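Engineer: need a 3D model of the following:
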Amino acid sequence: MARYIKNWDCIDNIPCLNITKFVRTGFIGVNKESETELYFRDQTMSFDISIGETEGVVIVGNNQSIDIISVIPNLGIGLMWFFVCPVTGKRCRKLYFYDGNFKSRSAIPLNYEQQNYS
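Structural biologist: Below is the predicted model of the structure:
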């Protein structure tokens with residue numbers, strides 16, 4: 001049975017954007033533009049995605065701009081896409097929706113649930 005979390009006491013309970021899911025669903029690719037809406041807890045957010053050859057941008061419904069870059073992987077096959085955290089500037093595969101904006105794991109002062117056990 002699912003439980004409803006009243007406060008976000010750990011990073012596992014925070015809604016997030018996963019770049020891998022965007023790529024697999026076809027929203028991200030070379031020279032691609034797309035729009036989508038995602039449901040986060042109690043609100044729906046729209047995303048406008050515009051990608052060039054190796055970089056792009058995601059405009060979130062709350063007017064937050066998130067850069068996307070690609071890197072050639074070690075095998076040299078295809079491209080590996082990353083978000084650029086708006087707070088830290090680091091490359092990341094997931095961005096968490098915390099305090100009204102999307103941020104990387106290192107920009108959020110919370111632990112994973114397993115880290116709270118001891």
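Engineer: check which helices and strands the strand or helix carrying Glu35 sits against.
Structural biologist: Taking DSSP states H and E as the criterion, Glu35 maps to strand 33-40. On a contact count with 3 or more C-beta pairs under 8 Å, 6 or more residues apart in numbering; DSSP states H and E, strand 33-40 meets strand 43-51. Backbone N, C-alpha and C define where each C-beta goes, glycine included.
Engineer: what average pLDDT does the helix or strand following the strand it packs on get?
Structural biologist: Using DSSP H and E, the helix or strand that directly follows strand 43-51 along the chain is strand 55-60. Average pLDDT, strand 55-60: 87.
Engineer: and the contacts of the helix or strand that strand 55-60 is followed by?
Structural biologist: Where DSSP H and E defines the elements, the next helix or strand beyond strand 55-60 is strand 65-71. By C-beta atoms under 8 Å, 6 or more residues apart in numbering, the surrounding residues in contact with strand 65-71 are 19, 28, 49, 51, 54-60, 79-84, 86, 91, 95, 102.
Engineer: of those, just the buried ones, ChimeraX syntax please.
Structural biologist: Paste this into ChimeraX to select the buried members of those, with burial taken from 16 or more other C-beta atoms under 10 Å:
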select :19,28,49,51,56,58,60,79,80,81,82,83,84,86,91,95,102
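Engineer: confidence-wise, which helix or strand of the chain is lowest on average?
Structural biologist: Across the helices and strands of the chain, mean pLDDT, DSSP states H and E gives its lowest value to strand 33-40, namely a mean of 79.
Engineer: neighbouring strands for it, and are they parallel or not?
Structural biologist: Here strand 33-40 has these sheet partners by DSSP bridges: strand 43-51 (antiparallel).
Engineer: mind listing residues that contact the strand it pairs with?
Structural biologist: Contacts for strand 43-51 (C-beta under 8 Å, 6+ apart): 22, 27-39, 56-62, 68.
Engineer: one more time with 10 Å
Structural biologist: Applying C-beta atoms under 10 Å, 6 or more residues apart in numbering, the contact partners of strand 43-51 are 15, 17, 22, 27-39, 56-62, 64-66, 68, 70, 81, 97, 102.
Engineer: mean confidence score for it?
Structural biologist: If you average the pLDDT over strand 43-51, you get 82.
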